[in-house]
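**Student:** I need the structure of the sequence given here:
(6 chains)
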Number of protein chains: 6
Amino acid sequence: MPAASRIVSEVDFTRDGKQHGYLRLFHSVHASAYGFIPIPVVVIRNGEGPTALFVAGNHGDEYEGQVALANLARRLDPARIRGRVILLPAANLPAAVAGRRTSPLDEGNLNRSFPGDPDGTVTQQIAYYIEHALVPLADLVCDLHSGGSSLMYLPSAQLPGYRPDGSSAPGIAALKAFAAENAYIVEANQGGDRTLAGACARAGVLSLGTEAGGAGHVTAVALRMVERGVVNLLVHLGILPESDRIAAPTPTRYLEVGGAEYYVYAPDNGLYEPLAELGESVMSGQPAARIHFPETPWAEPVMVPFLHKGIVLCKRMPGRTMRGDCLFHLGTEVAV
Amino acid sequence: MPAASRIVSEVDFTRDGKQHGYLRLFHSVHASAYGFIPIPVVVIRNGEGPTALFVAGNHGDEYEGQVALANLARRLDPARIRGRVILLPAANLPAAVAGRRTSPLDEGNLNRSFPGDPDGTVTQQIAYYIEHALVPLADLVCDLHSGGSSLMYLPSAQLPGYRPDGSSAPGIAALKAFAAENAYIVEANQGGDRTLAGACARAGVLSLGTEAGGAGHVTAVALRMVERGVVNLLVHLGILPESDRIAAPTPTRYLEVGGAEYYVYAPDNGLYEPLAELGESVMSGQPAARIHFPETPWAEPVMVPFLHKGIVLCKRMPGRTMRGDCLFHLGTEVAV
Amino acid sequence: MPAASRIVSEVDFTRDGKQHGYLRLFHSVHASAYGFIPIPVVVIRNGEGPTALFVAGNHGDEYEGQVALANLARRLDPARIRGRVILLPAANLPAAVAGRRTSPLDEGNLNRSFPGDPDGTVTQQIAYYIEHALVPLADLVCDLHSGGSSLMYLPSAQLPGYRPDGSSAPGIAALKAFAAENAYIVEANQGGDRTLAGACARAGVLSLGTEAGGAGHVTAVALRMVERGVVNLLVHLGILPESDRIAAPTPTRYLEVGGAEYYVYAPDNGLYEPLAELGESVMSGQPAARIHFPETPWAEPVMVPFLHKGIVLCKRMPGRTMRGDCLFHLGTEVAV
Amino acid sequence: MPAASRIVSEVDFTRDGKQHGYLRLFHSVHASAYGFIPIPVVVIRNGEGPTALFVAGNHGDEYEGQVALANLARRLDPARIRGRVILLPAANLPAAVAGRRTSPLDEGNLNRSFPGDPDGTVTQQIAYYIEHALVPLADLVCDLHSGGSSLMYLPSAQLPGYRPDGSSAPGIAALKAFAAENAYIVEANQGGDRTLAGACARAGVLSLGTEAGGAGHVTAVALRMVERGVVNLLVHLGILPESDRIAAPTPTRYLEVGGAEYYVYAPDNGLYEPLAELGESVMSGQPAARIHFPETPWAEPVMVPFLHKGIVLCKRMPGRTMRGDCLFHLGTEVAV
Amino acid sequence: MPAASRIVSEVDFTRDGKQHGYLRLFHSVHASAYGFIPIPVVVIRNGEGPTALFVAGNHGDEYEGQVALANLARRLDPARIRGRVILLPAANLPAAVAGRRTSPLDEGNLNRSFPGDPDGTVTQQIAYYIEHALVPLADLVCDLHSGGSSLMYLPSAQLPGYRPDGSSAPGIAALKAFAAENAYIVEANQGGDRTLAGACARAGVLSLGTEAGGAGHVTAVALRMVERGVVNLLVHLGILPESDRIAAPTPTRYLEVGGAEYYVYAPDNGLYEPLAELGESVMSGQPAARIHFPETPWAEPVMVPFLHKGIVLCKRMPGRTMRGDCLFHLGTEVAV
Amino acid sequence: MPAASRIVSEVDFTRDGKQHGYLRLFHSVHASAYGFIPIPVVVIRNGEGPTALFVAGNHGDEYEGQVALANLARRLDPARIRGRVILLPAANLPAAVAGRRTSPLDEGNLNRSFPGDPDGTVTQQIAYYIEHALVPLADLVCDLHSGGSSLMYLPSAQLPGYRPDGSSAPGIAALKAFAAENAYIVEANQGGDRTLAGACARAGVLSLGTEAGGAGHVTAVALRMVERGVVNLLVHLGILPESDRIAAPTPTRYLEVGGAEYYVYAPDNGLYEPLAELGESVMSGQPAARIHFPETPWAEPVMVPFLHKGIVLCKRMPGRTMRGDCLFHLGTEVAV
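**Tutor:** A predicted model of the protein is given here:
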């Protein structure tokens, strides 16, 4: 049996009604010897039924999920549901408050920290609690990401851990229920088994998520996609009634993300000029970007090509880039 | 007579042909006792004629101008011009290399540092050199800004220091020549007399500029606007022949930016959800943004209204915001 | 005529009633190109009459005045006063929010920054605004200090710039009105003419203040002293009616702080053990402190004596000390 | 068998007489490729007999124990004792020299780092050495804490790991021998099994300690309590003769610290005004503190109540506070 | 079976010819969510035969090996060799680019990080890849060190893990082949089993290395020694033909480094004046250094003696020193 | 009349005998509200006569002068001298303690801070005091530099401000008296009128100095040169008797440092391999250095030539270099 997490919850996950409070992560530091880091949690329960766990702020600078879950926390009427909804709108709280992907306390990337450590850094303790105390309560986990400060996504739902052997049917069904404009499937997402999706796979709990927008902004269209999907998943699970389902504005387009050749990386340090836009169809060999050198403006820029055909699903945004930065990744249409 | 700048130029501004080199700003620090900061400069000259000075990287994280001037530095054939073109594609070099608005060496904002100080910080020394050694050489100065990491602009040309008494006619003519989709005039831009525009006003040299895009990205449409405008200004001055003029895709729309009521500021620290888009026409009192609190998701967000009607010319991008941050500013259409 | 401050006030100092808002100190930085630092200000006015200006948070880690002025800002009824009260409860706002003596933005010590600079650092801009825009409005300025993070004071009112030639009579009268348990007079306080007291002296405006407690804490007895004194000064000026006067629990003891021999300084880096307590009467040559060396515990500690007799008015609190730190200063009783 | 620590001691723990030297913790860093961190250690031995291990500087900003052990290191005559005394006056040396709770090298809190790691961070290596090399030598371990920079305690001896089944009798006897004015028992102290007390429990070695004072100061009364208790424990163990016992000024009052309701936490970020003093008896529901907002002084402060009755044993000192900071904890009188 | 490294190589170690590319160490951070750290690697292969692995930049501020391997990477003709040469010229890339012993990303000292961790810090991931993916490919590993920023060595080849039982004969043979002016043998080098040498010992792979120069400089004589030795090792292994062997300018002198008494450490913080030079023969008790105190210049400096006779093999260079810094280490001549 | 410095001296420069103490530079910061920075000063006086001011630690990482003046401070017998010797062995104390060229408090380079500012940063206050309080007391000022952390000099005495019109005769005479192995003259040294030499020129006080060694080390031969020269200057002034003069081991070689072509600068960021040694005679066009790129080891290094013939007087030491760093400077022999 794994060791117990040292985090103490102020809410009782077995009680009916709506409760909110903090997960108390005790953190004994110079400025506060006996203090805790207060990670907000909301639980809404009405009798027996399935449990949905929604997580945002896994990366602190991915915002649409944080807004959507805060809105849901205030609006969701326990009387209207059957079962249980657990909301963790700012999972890596120190990162969320700082507006950073990673925690300012330990530089931890929560979605590279699973299965975590009950005696590790703050971020590792959060991962451990989610994996060992929250995931086991859930029938479905939905992890609401955006591209973060460095990337922008075509707003998409995402099914990680996809296997083409039919075993992913429940995931595909949930993905369809989400009703995003775009949805993509991937065998292993970035971070692999160190992610919350990896934790769910270890526990045998169905999980899906989003890559809603990014660049460290809140984008209206992405926020609408997330708010729609969250409600539709609750309907899909039978927690909310069918009448609450929200129709997608367009049929979902399904994409698949393949191997290394779907990605474009910066070959040098410099100033990155993108030559393709999100949603654009590109060909293998087509110019993807130029790297300029304003500190030596008389030097020729370096051209970087796409290595595969596909649709631009994800694009780096910040101008200055380092060798090895991901500039683009593609998806290719697929039937599911 | 003001003291001489301590910066030494590797190029001779009086020589014909194309030269490139560095402005040597000597900076005696722990890691390099006798070293200099190498600020790239290009001068292209062909006989007598007017002088145009183009500056980019005044803010290090505003990139379209940096790309446009690097491209121009490589492509402009001295045989084709009459007069002189001086290019400073990375004016605040340490900031440009760092991809930051301000210099990592002294936190200096170059466009709040004029008239500078020959014995001051690195940023103050750059300002001093530009004001006292470069501006006096020029008939027209064009300072190529974007919104920087925190703001995004509707790509625009800009005429600062506008006065409605007719004295701004040469500026209006240059603004028209620029052929941007949008152009705005303003009596005092942000930073007032501490900007490069302020330096030009003190020297009686015509100046204009851009707010091309922003959010710390390179945007294709904004880059096209900048590259077109730079060529058109050279044509306007007679440095390039008329046949080089590039037509605007649409007639220029002229806007004017008024006083404090054109601006929307964050009333509290939190997560900012914009409720209007760039280019949108808004009314006074219309909701502009909501500030959410994911660390207390059960708290109601705060609504922030517009205080004036107008067109959204500038919008804050990053999600996390502090009380006092500018979220939006407007422009109103004007005939020039 | 001095240049105008660039700070813009949201409140109108000439209007009757109670207003609150921010002094907008525009600060163009990477994270916020057009933002301002919002320094809270409250003005309460009822017709013609004298003006009192109360300042707290001059040092950000001196808290009793901040609490007292925030309480006053909420409680003071404009109908009850005659004249004007201006409250600046967090003058060096960035320092106050950080809980530090000095500003985290520029390491500026506001009370060593007068007369300030309208184009200088953030702290210098605040000093300039107070000296050039607020002090000239006032008949009396009261600057509410405590000892800050490093020092603890016997809670005291303080009259700086005392001269024994009778010219300080108005100050002495105000000091008496304050009704503190202890009050001290000093010809030049720490910081001399670079302080707010120096600004008042330059403007010929009466000023006094407190050293209320310290060690970076809020102390109940010191808070009571400050709240009593603030009301009593308003009565003294005729802004509040005589019936509001609060009696002192004990008659005020008056002390005088002399020259360098009133001070004890650390002779070495180490761990400081104080051998005297606040309020204690000490003799010249009496041991004041021992400096220990736990990193070499077998080394003898160094003894430090008092150099003058007197009452311990101020004492360093933090254990680790550096050569040159002030460990104590004394006062000697005086008739006023 | 656990791996050997990589730390090398300059002293021989089996030799008679008084030796001092350093524990050499090799730390290969940029500034010193082959250097060691010199942690001072003193061993005083005179033939066979019990061993007492005294530790201070477990938290670097808790000073009374550091002073007391340095004094003891110089004064204790080996001829006078029977058995062995081991002194570690600055256990987390980098933290002690920095005057911080945690190490500036790795942010490690030594008392949350047990059982440590021989190949881990500097702090983990110290924990490993103490647990695996020093604790096994001891019959009694006394860990001398104070409240540290953020907390102040009613000066107290402390017995952790108390069990009401009679098995704690040797601990109670040692606690009585200590002869503090106040002493408290607790089943699990802050940090639980990750503390030095946890290490002792794992090794079956009797341990107790102090919470002597705090706020990052050296307090005379707390220092006297520590110096008395250290001598009395040596007498209790038979290392010093009975004639050396120092009587307590008052009979010891015994307190017990219960569960979460004995603690008061800050509900928001702001400026903390305590409404109770150390040693005061309080009732459940009684106001404990107000949180003020000087950056918005017109906002009402937030009141925080005690949740249990008891005696104020521990109090936060710094004015600025964050949500989740411990403001107070209580004890209740108990017979032992 | 150990877990696979998460690092992906761009080169194929089994292919003939010369390839270069990067080891992709994926590092998901705020500025680059999907980026990798590009560690350069070169593999040169020509059919079956032995494999030599050369590593430099294990410590980022040790440069001769970095220069030598970069030169070799460009010059070595695959047609000329038999077998395989793998070059890792900047093993701890972030440290090498920063010119620091340790990584700026995690403060990791690569040569204290073996066997590493596939999910650990960046430095631990590099160690894991080298130990688990590269060392098993090699017949001989040569790790090219210098003294780094803090130390200067008499340029030497080094054989770690020497045992006097004859089992080190292959190592001695390789050391002789290296043909350095000086060579030393040592049972356990600094860092012991946490070094790359430790990894080779665990894998049963022959390893040797250099301490070529140091002080953070590139030294001509040390660079020549390294370039000669690298070629000679390739000849020794039969990868290059015998005709490529480079003769040593002088016969190799062999030294042995013994225990703690071969080392001199700073007894206090201060300014270090060395009293012996590299290569000098010293006696036990001879003055090695003086520690001065310019902040108290009237205090006598502290003299530090050598504790053993020998030849000065290594000397600290930087003037300011801390207690515990290694100032010198010696070697004594030995027959091999 | 310039404003008085705010620094207070503990020593009386007019008193006979030997005194030592601190210049108290009051610095009111978070950790110490009323503390001072203690800059050590020694004055040795015996009746009327000339005054020599020796300064070291102007740059904190230049050590030979600091050692030499500390030794002199202890050894010089007031009875033996005529006149006055003032020693400032650690002029920029915070930099000297940190072992850095510039102050860790304000990044100030003292030798680029003259004439200073009595209300400026700590470094500016030190410059102001030296220029306005110490230089006016002196007949000769000797400023003892080395190359600092980034540069190594051929140990040399130096005469700045040399003019070939005969007016430098007293300086030449002092330079000859110094009896260094090498001495160079220069019209304007690095830093020009912002140096201590500039301060002396403004005051009409004779000044000279050294560039004794460097690389952040203490070098025996450089220390001997400095100790000899200091005594010989005192003899030259008549402060010490002629019998104390120390003969030079070799006749002084005189060099002259000309303009920009005497200097070699790095053309790119990379790893610097020097191709010439200190003291070597080089020709114009001869290779001076190669810049390598270990992060792309397959890229060709860049060769950098000397631009003038001469003797290598100064050489950069650290391996990693940035574009614009000075790699070498030359001198050419001259008759004086």
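**Student:** Which residues of the stretch 51-200 of chain A lie near chain B?
**Tutor:** Residues of the stretch 51-200 of chain A lying close to chain B by C-beta under 8 Å from any C-beta of the partner chain are A:56-57, A:61, A:63, A:66-67, A:69-70, A:73-74, A:87, A:89-90, A:93, A:96-99. C-beta here means a position set from N, CA and C on the backbone, and glycine is covered the same way.
**Student:** restrict those to those near chain E?
**Tutor:** Among those, the residues lying close to chain E (C-beta under 8 Å from any C-beta) are residue A:61.
**Student:** Just the buried ones from the residues of the stretch 51-200 of chain A next to chain B?
**Tutor:** A:56-57, A:61, A:63, A:66-67, A:69-70, A:73, A:87, A:89-90, A:93, A:96-99 (16 or more other C-beta atoms under 10 Å in any protein chain shown).
**Student:** how far away is the residue of chain A found nearest chain D from residue E:286?
**Tutor:** For chain A and chain D, the shortest gap (C-beta to the nearest C-beta) falls at residue A:34, measuring 3.7 Å. Between residue A:34 and residue E:286 the distance is 54 Å, computed by C-beta to C-beta, to the nearest Å.
**Student:** which one of those two has more residues nearby?
**Tutor:** residue A:34 (23 against 14; other C-beta atoms under 10 Å in any protein chain shown).
**Student:** Check the more buried one and give its pLDDT.
**Tutor:** Per-residue confidence (pLDDT) for residue A:34: 97.
**Student:** do residue A:288 as well
**Tutor:** Looking at residue A:288, its pLDDT stands at 98.
**Student:** show me the contacts for the most centrally placed residue in chain A.
**Tutor:** By C-alpha atoms, centre = their mean, chain A has its centre lying nearest to residue A:145, at 2.4 Å. Applying C-beta atoms under 8 Å, 6 or more residues apart in numbering or on different chains, we find residue A:145 in contact with A:58-59, A:62, A:65, A:111, A:158, A:209-212.
**Student:** Just grab the bridge partners of residue A:32 for me.
**Tutor:** Bridge pairing for residue A:32 (DSSP bridges) gives the partners residue A:29.
**Student:** Output the longest helix belonging to chain A.
**Tutor:** If you go by DSSP state H, chain A has its longest helix at helix A:220-237.
**Student:** hmm, that one in reach of chain E?
**Tutor:** No: judged by C-beta under 8 Å from any C-beta, helix A:220-237 and chain E are separated, with a smallest distance of 16.0 Å.
**Student:** Now tell me what touches the next helix or strand after that helix from outside.
**Tutor:** Downstream of helix A:220-237, the first helix or strand assigned by DSSP states H and E is strand A:253-256. Residues outside strand A:253-256 that contact it (C-beta under 8 Å, 6+ apart) are A:156, A:162, A:181-186, A:311, A:313, A:331-336.
**Student:** Show me how far the following helix or strand past strand A:253-256 is from its chain's centre.
**Tutor:** Heading C-terminal from strand A:253-256, the first helix or strand you meet, by DSSP H and E, is strand A:263-265. Relative to the centre of its chain, strand A:263-265 is centred 21 Å away, using C-alpha atoms, centre = their mean, to the nearest Å.
**Student:** list the helices and strands strand A:263-265 packs on?
**Tutor:** With contacts taken as 3 or more C-beta pairs under 8 Å, 6 or more residues apart in numbering or on different chains; DSSP states H and E, strand A:263-265 sits against strand A:302-305, strand A:326-333.
**Student:** Chain A: helices as residue ranges?
**Tutor:** Secondary structure of chain A (DSSP H): helices at A:64-75, A:93-98, A:122-129, A:169-178, A:196-203, A:220-237.
**Student:** could I get the first one in PDB with only the CA atoms?
**Tutor:** Extracted as PDB, the C-alpha positions of helix A:64-75 are listed here (Å, rounded to 0.1, in the frame of the first residue of the first chain):
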ATOM      1  CA  GLU A  64      -9.500  28.700 -20.000                       C
ATOM      2  CA  GLY A  65     -10.000  25.700 -17.800                       C
ATOM      3  CA  GLN A  66      -9.400  27.800 -14.700                       C
ATOM      4  CA  VAL A  67     -12.100  30.200 -15.700                       C
ATOM      5  CA  ALA A  68     -14.500  27.500 -16.800                       C
ATOM      6  CA  LEU A  69     -14.100  25.500 -13.500                       C
ATOM      7  CA  ALA A  70     -14.400  28.700 -11.400                       C
ATOM      8  CA  ASN A  71     -17.700  29.500 -13.200                       C
ATOM      9  CA  LEU A  72     -18.900  25.900 -12.800                       C
ATOM     10  CA  ALA A  73     -18.000  26.000  -9.100                       C
ATOM     11  CA  ARG A  74     -20.300  28.900  -8.500                       C
ATOM     12  CA  ARG A  75     -23.200  27.900 -10.900                       C
END
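**Student:** Quick one: list the elements packing against it.
**Tutor:** Using 3+ C-beta pairs under 8 Å, 6+ apart, helix A:64-75 sits against strand A:51-56, strand A:83-88, strand A:140-145, helix A:220-237, strand B:270-274, strand B:287-292.
**Student:** List, one by one, the residues from chain A near chain E.
**Tutor:** Residues of chain A lying close to chain E by C-beta under 8 Å from any C-beta are A:59, A:61, A:100-102, A:107, A:109, A:111-112, A:147-151, A:190-192, A:194, A:260, A:263, A:265-266, A:314, A:316, A:318, A:322-326, A:329.
**Student:** Any of the residues you listed buried? List them.
**Tutor:** A:59, A:61, A:100-102, A:107, A:109, A:111-112, A:147-151, A:190-192, A:194, A:263, A:265-266, A:314, A:316, A:318, A:322-326, A:329.
**Student:** Return the residues in contact with the closest residue to chain E within chain A.
**Tutor:** Chain E sits closest to residue A:326 of chain A, with a gap of 3.7 Å, by C-beta to the nearest C-beta. The contact partners of residue A:326, taken as C-beta under 8 Å, 6+ apart, are A:151, A:263-265, A:314, A:316, E:32-35.
**Student:** again, but for residue A:305
**Tutor:** Residue A:305 sits next to A:264, A:284-288 when contact means C-beta under 8 Å, 6+ apart.
**Student:** Residue A:222 too?
**Tutor:** By C-beta under 8 Å, 6+ apart, the residues touching residue A:222 are A:64, A:146, A:155, A:212-213.
**Student:** Nearest to residue E:19, out of those: which one, please.
**Tutor:** Nearest to residue E:19, judged by C-beta to C-beta, of the contacts of residue A:222 is residue A:146 at 37.8 Å.
**Student:** Give me the neighbour count for the closest residue to the closest one other than its chain neighbours.
**Tutor:** Spatial nearest neighbour of residue A:146, chain neighbours left out: residue A:62 (3.9 Å); criterion: C-beta to C-beta, 6 or more residues apart in numbering or on different chains. Number of residues near residue A:62 (other C-beta under 10 Å) recorded here: 32.
**Student:** these two touch, right, residue A:62 and residue A:151?
**Tutor:** No: assessed by C-beta atoms under 8 Å, residue A:62 is found out of contact with residue A:151, at 9.8 Å.
**Student:** shared neighbours of these two, which are they?
**Tutor:** By C-beta under 8 Å, 6+ apart, the residues touching both residue A:62 and residue A:151 are residue A:214.
**Student:** Return the distance of residue A:68 relative to residue C:312.
**Tutor:** Distance, residue A:68 to residue C:312, by C-beta to C-beta: 59 Å.
**Student:** got the contact list for residue A:213?
**Tutor:** A:64, A:146-147, A:152-153, A:155, A:219, A:221-223.
**Student:** Repeat that for residue A:260.
**Tutor:** Each residue near residue A:260 by C-beta under 8 Å, 6+ apart is listed here: residue E:8.
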